[in-house]
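1. from the sequence below, what's the structure:
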Amino acid sequence: MKNRILFVLGLFLLLNACSAPEEKIKKRTLGDLEVLPFHPSLVTLNESPFTDIRDREFRRLLEINPKRYLSGFQQDEAMADSTSSWRTGYEVGPYLSACSRMYASTGDPRLSDRITYVVNGLEEAQNKGNSGFLGYLPSWEAAFLNIASGGEIISDESLLNGMERPLYFTSSLMTGLIDAYIYGDNRRALHVVTEMTRWINGVFQDLSTDQMDKILRCDHGRISEVLSNVHILTGKNRYRFLAFKFQPSEIETFQQGDTILLNGKDQYAEISKVLGYAKLYELLASEQERDFAVKFWDQVTSHYTYPGGNFTGKGYFGNPDQFNQSLEKYAPQLASSVLMARLTHRLFCWEPEARYGDYIEKLLYNQFFPCFNTNQSSYFLPMTPSALPFEEPDSIQAFRNFEMGMMSFVDFSGAIFYEGKDQSLYLNLFIPSTLNYLKKKMQVTLETKFPSEPRIVLRFEGAPREFPVRVRYPQWAKHGVKAMIDGEAVEVKGTPGSFMTFKSKWGYGSSLEISFPMYVNSEIIPGGSRKTALFYGPVILAGYLGADSAPLGDHAPVIVVNQKPLSTNFYPTAKDPLSFYPAGVISPENIRFMPAYQAPHQFYSIYWDVYTQDEYIPVP
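-> Sure, this is the predicted structure:
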């Protein structure tokens, strides 16, 4: 792949910021981030269930004719309305992002050809006028110019002066163009997105705070974060100030004491907003934005998140700790989880704490993998008893899930290895892969069949160098870990929920082997419920009830045990270490428990009411 320097430079630019001219604004440097990820082109995924998903999505991208995405841009208003749905036009940005990020991982020229075709088509549509405007419906330009000239602003969650989520669409398209530049090595994409930003600046730069607050009532996606990235890539400070305009005027309006007000709010929109705050912190070193982002993450993961790592509610935050009431078929959805993974990745770069890696790991195995089951893709993962995976019909929620699903594979593959500013190597996720560690002139290969086998091996090839290797000590590994360097047992310093540090001179066939004893454990949903989930390490287990119909009828399945703790009542099958049958469990009988991502397409239950024999009263 050509011009690797551009890729690496782009990654550093997107994680860091240019100097600010104002004396009151601190200069941010690379050193403000404790760790940095490696670019996807430097990390090769080795054969695993993860590459099975990657390859399936790769084939899916090649099957799509990119011409479909340009039809609306290249037609007049009437033809666009009559021949293309809003979803087709909105998908062009995610399609560009998916092709670009997949290209960075695979280097396949067929993806580069598709990126070039789409970017050239968008540039052609943009060049029809001289303003820099680029929108799926031409009438949007006049509507925005009317706002800029002082026209009335009428907005709600989905409509802005009659336009359906225009800023959401714009941020999605601009994200695709930035990804085409950074990951797809397409220089024209930067020109197109810069022209779009110039037009946006002309429309919004003179609007008052009151006007902007009205505009921001409408779903505006990740527009602030995107504009910040354009500022970073171009060095133009006016775009940095423009990014500020697209953040709500006061953080305090979203808080009540130490509590962030989330009830009833759109998960995707709120996480997008916080990603904007995180970007402002990286631009300005503003502790207020950093504190808000960390507080938001803490509150969401503590009070709005199932034990499996995913969210409560049908795309909206419900009441905190009310998990039992929110076990509904629409919850949770992939898009919100992927955005939360991105926020977690950002926080990990600020402060590499194991709890962030633990959370991403849960999302990987309990949300991402099940949604890309080998049988079919399903962007919603129902939590109701006796449920089936499904996809929602054409809607903004379905589009968001499509958008995030197409891009999410690279988000997780980019969270395997990190480099600390002390030159240490961090291993965060246990996914078979090889790192081309250019700075140290060596290759680092992670060999593992995790979670099927509780063992990982890091192998180093290259001239010997001494540096610390830090490996996540998962919170679930409560039975301790064992480690060997070059076959010799070494002391493990650390506790579950931290990073273990190993120091040695690595290279020329040296190795680090770590074993994590794994076992079935259980976790009760907070809030006084009997609802309980079973885990094997970080992997949530589903009980499969049959393919044709829910065999328990209208009654929710329960587990009735002879003894407690519940985890002692399950044993693995002889052929599959991730498949379990109950022992000492009275009801249900002969139900197999296995990871949701391995599931056949049949009815299942993930959260169970658990009783002892004395407690359980059968429902007639």
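
2. please count neighbours and contacts with C-alpha atoms only from this point.
-> OK.

3. quick one: mean pLDDT for the strand or helix carrying Met484?
-> Using DSSP states H and E, Met484 maps to strand 482-485. Averaged over strand 482-485, pLDDT sits at 97.

4. same for it, what does it pack against?
-> Here strand 482-485 touches strand 488-490, strand 511-515, going by 3 or more CA pairs under 8 Å, 6 or more residues apart in numbering; DSSP states H and E.

5. quick check: which of these is buried the most?
-> With neighbours taken as mean count of other CA atoms under 10 Å, those reach their highest mean count in strand 511-515, at a mean of 20.

6. strands of the stretch 1-150 of the chain, start to end?
-> 35-37, 43-45 (DSSP state E, counting those that start in this stretch).

7. for those, give me CSV that also has mean pLDDT.
-> Output for these, formatted as CSV (pLDDT from 0 to 100):
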stretch, mean pLDDT
strand 35-37, 92
strand 43-45, 90
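
8. among those strands, which is the most enclosed?
-> Using mean count of other CA under 10 Å, strand 35-37 ranks as the most buried of the strands of the stretch 1-150 of the chain, with a mean of 22.

9. got the contact list for that strand?
-> For strand 35-37, contacts defined as CA atoms under 8 Å, 6 or more residues apart in numbering pick out Phe348, Cys349, Trp350, Glu351, Pro352, Gly414, Ala415, Phe417, Tyr418, Glu419, Gly420, Lys421.

10. still on that earlier bit, among the helices and strands packed on strand 482-485, which comes closest to Phe133?
-> strand 511-515 (53.9 Å; CA to CA).

11. okay but Leu42 is in contact with Ser433, surely?
-> No. Applying CA atoms under 8 Å as the test, Leu42 and Ser433 come out as separate, 10.2 Å apart.

12. which of these two has more neighbours?
-> Ser433 (22 against 18; other CA atoms under 10 Å).

13. just to revisit the earlier point, redo the strands of the stretch 1-150 of the chain as TSV? Include distance to Glu124.
-> Listed next are the strands of the stretch 1-150 of the chain as TSV, based on distance: least, CA to CA, whole Å:
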stretch	distance to Glu124
strand 35-37	35
strand 43-45	35
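
14. minimum distance to Ile232: which of the ones you listed has it?
-> It is, among the strands of the stretch 1-150 of the chain and with distance given as CA to CA, strand 35-37, at 16.8 Å.

15. okay, now the sheet partners of the closest one, with direction.
-> strand 417-420 (antiparallel) (DSSP bridges).

16. how about CSV for the helices and strands packed on strand 482-485, with mean pLDDT and distance to Asn127 added?
-> Shown next, in CSV, are these (pLDDT from 0 to 100; distance: least, CA to CA, whole Å):
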stretch, mean pLDDT, distance to Asn127
strand 488-490, 96, 64
strand 511-515, 98, 56
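
17. what's the closest of the ones you listed to Val610?
-> When these are compared by CA to CA, strand 511-515 sits nearest Val610, at 31.4 Å.

18. got the contact list for the closest one?
-> 454-460, 481-487.

19. of all the strands of the stretch 1-150 of the chain, which one comes closest to Gly276?
-> Of these, nearest to Gly276 by CA to CA is strand 35-37, at 19.0 Å.

20. determine how far the closest one lies from the middle of the whole chain.
-> Distance of strand 35-37 from the chain centroid (CA atoms, centre = their mean, to the nearest Å) equals 17 Å.

21. for the remainder of this discussion, apply numbering that starts at 18.
-> Sounds good: first residue 18 from here, last item strand 52-54.

22. can you pull out the strands in the stretch 418-567 of the chain?
-> With DSSP E, counting those that start in this stretch, the ranges of strands along the stretch 418-567 of the chain come out as 434-437, 442-444, 450-454, 459-465, 472-479, 482-490, 499-502, 505-507, 515-523, 528-532, 537-541, 548-553, 556-563.

23. if we can go back for a sec, for Leu151, which of the helices and strands packed on strand 499-502 is the nearest?
-> Between the helices and strands packed on strand 499-502, strand 528-532 lies closest to Leu151; by CA to CA that is 51.8 Å.

24. return the closest one as PDB; C-alpha atoms alone will do.
-> Extracted in PDB, the C-alpha atoms of strand 528-532 (Å, rounded to 0.1, in the frame of the first residue of the first chain):
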ATOM      1  CA  SER A 528       8.200 -15.600  24.100                       C
ATOM      2  CA  LEU A 529       5.800 -14.700  26.800                       C
ATOM      3  CA  GLU A 530       3.100 -17.200  27.700                       C
ATOM      4  CA  ILE A 531       0.200 -16.400  30.100                       C
ATOM      5  CA  SER A 532      -2.600 -18.800  31.200                       C
END
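
25. neighbouring strands - and their directions - for that strand?
-> Assessed with DSSP bridges, strand 528-532 is paired to strand 472-479 (antiparallel), strand 499-502 (antiparallel).

26. tell me the angle of that strand relative to strand 482-490?
-> 10 degrees (axes from the mean of the first three to the mean of the last three CA atoms, to 10 degrees).

27. residues in contact with the nearest residue to Asn586 once chain neighbours are set aside?
-> Nearest residue to Asn586 in three dimensions, chain neighbours excluded: Ala600, at 4.8 Å (CA to CA, 6 or more residues apart in numbering). Counting by CA under 8 Å, 6+ apart, Ala600 touches Asn586, Phe587, Tyr588.

28. all set, thanks.
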